[in-house]
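> 3D, please:
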Amino acid sequence: MSRKAKAIILDSWAVMAYLGDENAGEKTAEIIANAHENKIPLKMSILNVGEVWYTMARRTSEHEADQVIDELRELGIEFIDADWKMTRIAASYKSKYEMSYADCFAAALAREEKADLVTGDNEFKEVEMDIKVIWL
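Below is the predicted model of the structure:
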């Protein structure tokens, strides 16, 4: 990161890479560590947190999915609820682009917070003109 971001938004793609010990997960871990070192807030849309939870619940169990969410909180990631303003931005993205609705909320949060979004999901190429994407 050449400039200091106001916040870092983590997409579920980045978090799942981190949890899966993938190569992209190593980069996610570095971004998280750098954010802590530079006191940059880490945030996720609650919809993206839900994506992580249901993915983990399907792969393992609801209990383990709950533990993963606790781990994200311990990492200092703030879960942001969707209000109408964010929902309106997300819905606008969904009306224009071929993105999942949950991805639209990650993008909307990044736009609203003037934050950098961390992902490897190519769906975000659609909104790169509106938000700063850190590609994994």
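
> tell me the contacts of residue 109?
By Cβ atoms under 8 Å, 6 or more residues apart in numbering, the contact list for residue 109 reads 9, 43, 44, 45, 80, 86, 115. C-betas here are computed from N, CA, C, even on glycine.

> how does it look with 10 Å?
By Cβ atoms under 10 Å, 6 or more residues apart in numbering, the contact set of residue 109 is 7, 9-11, 43-48, 80, 82, 86, 89-90, 115, 117, 131.

> Narrow those to just the buried residues.
Taking 16 or more other Cβ atoms under 10 Å as the criterion, what is buried in the contacts of residue 109 is 7, 9-11, 43-45, 47-48, 80, 82, 86, 89-90, 115, 117, 131.

> Helix or strand: which one has residue 69?
Per DSSP states H and E, residue 69 falls inside helix 62-74.

> picking that back up, filter the buried ones among the contacts of residue 109 down to just the ones in helices.
Of the positions in the buried ones among the contacts of residue 109, 47, 48, 86, 89, 90 sit in helices, assigned by DSSP state H.

> which one of those residues is nearest residue 36?
Using Cβ to Cβ, the shortest approach to residue 36 within those belongs to residue 48, at 19.7 Å.

> Can you check the pLDDT for the spatially closest residue to the closest one that is not a sequence neighbour?
What sits nearest to residue 48 in space, not counting adjacent residues and going by Cβ to Cβ, 6 or more residues apart in numbering, is residue 12, at 4.4 Å. You'll see residue 12 listed with a pLDDT of 97.
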